[in-house]
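Novice: the sequence and its predicted three-dimensional model are supplied below.
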Amino acid sequence: MSLTIATLNLCNYCAPPYCFYDFESSYTKSQWQQKQSWLYEILTTSSPDVVCFQEVFSVIELCELIAPLGLCHFATCDEAVLDANNPYLFKRPIVLIASKYPLTKVRRINHPTFLKMAPLSREVINCEMEHPKYGHIRLYGTHLKSKRATDFIEEHPKYQAMPADCIQHIGRLLSDKQRSDEAMALYFDFITQQVINPLATFIMGDFNQQAIQSNLAFFTEHTEFKDNLDVDLKLLDSFYLSSLLTRKPTHYYYGNGSVLDYIVCPESILSQLNLKELNFNVQDSHISQDEINVTTDHAMVTITLC
């Protein structure tokens, strides 16, 4: 029995007549049907056992679409946020995990106080899946802070005297810090949970940054600080556990590709679950590099364990 795990950023999954972020952004009925048909098709073709979806506004519509495919168990730890003054305008999406097997112990992670970080830009889901062959598996679903500049604190006494480009630069630096803090909070939660109850674990999501040689490398790469950790605590990008030598981008920005979407797991996952191999795949045929279409601008990353 194999196990297929996927992560997919749905890029504004928002059913009409609702709008996302502003009143200029919404789907027509035809566009929404196209998005629904594409999603149903890609999930039918790939047949994942577990999927972490990001950028979900319309939760009920998503659950109704994917339940007939066997993905009938759902985990969320937040609600999509509507504008306080406009009941048809969504301002913040959520992350949702769907599974063919029961999900238990659903919780949101809390960031450790020692990080002194801003609130999480999106809540991180933690839950367990009961698999008939592999037993209890721990799952995390995340969507780290975007690269958009964090608003600079206007109450700062020198704010008015600062050049606009400096304010923007500081905002980007703060955004990078928050993204790194969110990854560290997730990593800290993973270690804490593993010490209490070691389980095979998968962390799925949109990291909004290429992890290799960046402030997120500690999360996905072979780094020196991990050398003395127990094998079950050493997280690694699942790509490195496959037989592939090169990987495709998962997102394009003005034609430039980058890897933003990851499935991370302990280095020891194959021995933990007594598996022979891990197959890694990036499904990107739906992406238009010229413009964002009504599917999504992210590839779907899947791993199959067998």
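Specialist: Ah, there it is. As the structure is a computational prediction, the values presented were derived from the model and not from experiment. Numbers count the residues shown, from 1 in each chain.

Novice: alpha carbons only for contacts and neighbour counts from here, please
Specialist: OK.

Novice: what's the spacing between His143 and Pro198?
Specialist: 24 Å (CA to CA, to the nearest Å).

Novice: neighbour count winner among the two?
Specialist: Between His143 and Pro198, counting by other CA atoms under 10 Å, His143 is the more crowded of the two (27 against 15).

Novice: wait, the more buried one sits on Ile203?
Specialist: No: using CA atoms under 8 Å, His143 is not in contact with Ile203, being 10.6 Å away.

Novice: shaky segments in the protein?
Specialist: Across the chain, residues meeting the criterion (pLDDT under 70) sit at 148-174, 289-293.

Novice: quick check: longest strand in it by residues?
Specialist: strand 3-13 (DSSP state E).

Novice: residues touching that one, excluding its own?
Specialist: The contact list for strand 3-13, computed with CA atoms under 8 Å, 6 or more residues apart in numbering, reads 20, 47-58, 93, 204-206, 261-263, 295-306.

Novice: in helices only, show me the residues you listed.
Specialist: Among the contacts of strand 3-13, no member falls in helices (criterion: DSSP state H).

Novice: what about Ala84, neighbour count?
Specialist: Quick note: Ala84 (other CA under 10 Å) scores 10 neighbours.

Novice: can you verify my assumption that Leu305 contacts Ser2?
Specialist: Yes: using CA under 8 Å, Leu305 is in contact with Ser2, at 5.5 Å.

Novice: of those two, who's got more company?
Specialist: Taking neighbours as other CA under 10 Å, Leu305 and Ser2 compare with Leu305 leading, 20 against 11.

Novice: Met129 versus the more buried one, what's the distance?
Specialist: To Met129, Leu305 is 15 Å away according to CA to CA.

Novice: and Val294, by the same measure?
Specialist: Per CA to CA, Val294 is found 31 Å from Met129.

Novice: still on that earlier bit, just the buried subset of the contacts of strand 3-13, please.
Specialist: Buried subset of the contacts of strand 3-13 (neighbour count, 16 or more other CA atoms under 10 Å): 20, 47-58, 93, 204-206, 261-263, 295-305.

Novice: bridged to His143, which residues?
Specialist: Under DSSP bridges, the beta-bridge partners of His143 are Asp206.

Novice: run through the residues that contact it.
Specialist: By CA under 8 Å, 6+ apart, His143 lies in contact with 54, 95, 122, 124, 205-208.

Novice: go again using 10 Å as the cut-off
Specialist: 9, 52-55, 94-95, 120-125, 179, 182-183, 204-208, 261 (CA atoms under 10 Å, 6 or more residues apart in numbering).

Novice: likewise Leu115?
Specialist: Shown in contact with Leu115 (CA under 10 Å, 6+ apart): 181-182, 184-185.

Novice: what sits in contact with each of Leu305 and Ser2?
Specialist: Shared contacts of Leu305 and Ser2 (CA under 10 Å, 6+ apart): 275, 278.

Novice: and for His143 and Ile203, which residues touch both?
Specialist: Common contacts of His143 and Ile203, defined by CA under 10 Å, 6+ apart, comprise 52, 125.

Novice: which phi and psi does Phe280 have?
Specialist: phi -110, psi 130 (degrees, to the nearest 10).

Novice: hey, what's it bridged with?
Specialist: On the basis of DSSP bridges, Phe280 is bridged to Ile303.

Novice: distance of the residue lying closest to Asn9 once chain neighbours are set aside relative to His111?
Specialist: Nearest residue to Asn9, sequence neighbours excluded (CA to CA, 6 or more residues apart in numbering): Gln54, at 4.5 Å. Using CA to CA, we find Gln54 at a distance of 20 Å from His111.

Novice: with Arg122 instead?
Specialist: Applying CA to CA to Arg122 and His111 gives a distance of 12 Å.

Novice: for the two, list the residues in contact with both.
Specialist: Joint contacts of Arg122 and His111 (CA under 10 Å, 6+ apart) are Glu182.

Novice: residues in contact with the residue nearest the centre of the chain?
Specialist: In the chain, the residue lying closest to the centroid (CA atoms, centre = their mean) is Gly205, at 1.8 Å. By CA under 10 Å, 6+ apart, Gly205 lies in contact with 6-9, 51-54, 95, 124, 140-144, 260-264, 301.
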